[in-house]
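Engineer: pasting a predicted model and its sequence here:
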Amino acid sequence: MSDSSTRPESLLPYALWTEEALRAVVQDALSHAAKHGLPGEHHFYITFRTDHPGVAMPGHLRARYPQEMTVVMQHKFWDLVVDRGAGSFSVGLSFGGVPAMLTVPFAALTAFADPSVRFGLRFQAMPVQEAAPQPETAAAAAAAEPSQVVSLDSFRRRPARD
């Protein structure tokens, strides 16, 4: 008899899908703020891994926050752009009166909160998908895959005959 208190392991990545759906909530919130600004007392706390690939930030901030950073978007931010295709957002913020532009992939997020309405989300920073290894040379690529020669003679125009 099996123990009914244990759940079978899922062959579908439900946890990953749920996390991706919640990241879309952050995308929607930032898109709304980019288009309309932040209404009322709304403000965002966004925590992200600074060492995640694709994070772009000034060197002095990276030196100060080598692993993780939380930014607050409230009264003074500019040029907020959400790029869903690239999976990132960029925003201008001031740090000690010094303006800086940040670009943050959504995969680098570890937390998002809007304290004005007691809303918050936590994430695991998503690993970067590794690209498949590429052959070093064209010769290696040719050796890796069989070639196929296609004759173009049947597609060529033939001169008109009188």
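Structural biologist: Nice, I can see it. Owing to the predicted nature of the structure, the values given are computational and were not obtained by experimental measurement.
Engineer: count the neighbours of residue 84 for me.
Structural biologist: Residue 84 has 12 neighbours, counted by other C-beta atoms under 10 Å. Just so you know, the C-beta spots here come from the backbone N, C-alpha and C atoms, and that holds for glycine as well.
Engineer: I'd say it and residue 27 touch.
Structural biologist: Yes. With contact defined as C-beta atoms under 8 Å, residue 84 reaches residue 27; the gap is 6.2 Å.
Engineer: which residues touch residue 26?
Structural biologist: 46, 106, 109, 112, 121 (C-beta atoms under 8 Å, 6 or more residues apart in numbering).
Engineer: my guess is residue 46 contacts residue 108. True?
Structural biologist: No. Using C-beta under 8 Å, residue 46 makes no contact with residue 108, being 9.9 Å away.
Engineer: and the two? Which one has more around it.
Structural biologist: Comparing residue 46 with residue 108 by other C-beta under 10 Å, the one with more neighbours is residue 108, at 25 against 22.
Engineer: counting by contacts, list what the helix or strand hosting residue 46 packs against.
Structural biologist: According to DSSP states H and E, residue 46 maps onto strand 44-49. Under the contact criterion of 3 or more C-beta pairs under 8 Å, 6 or more residues apart in numbering; DSSP states H and E, strand 44-49 touches helix 14-36, strand 68-73, strand 109-114.
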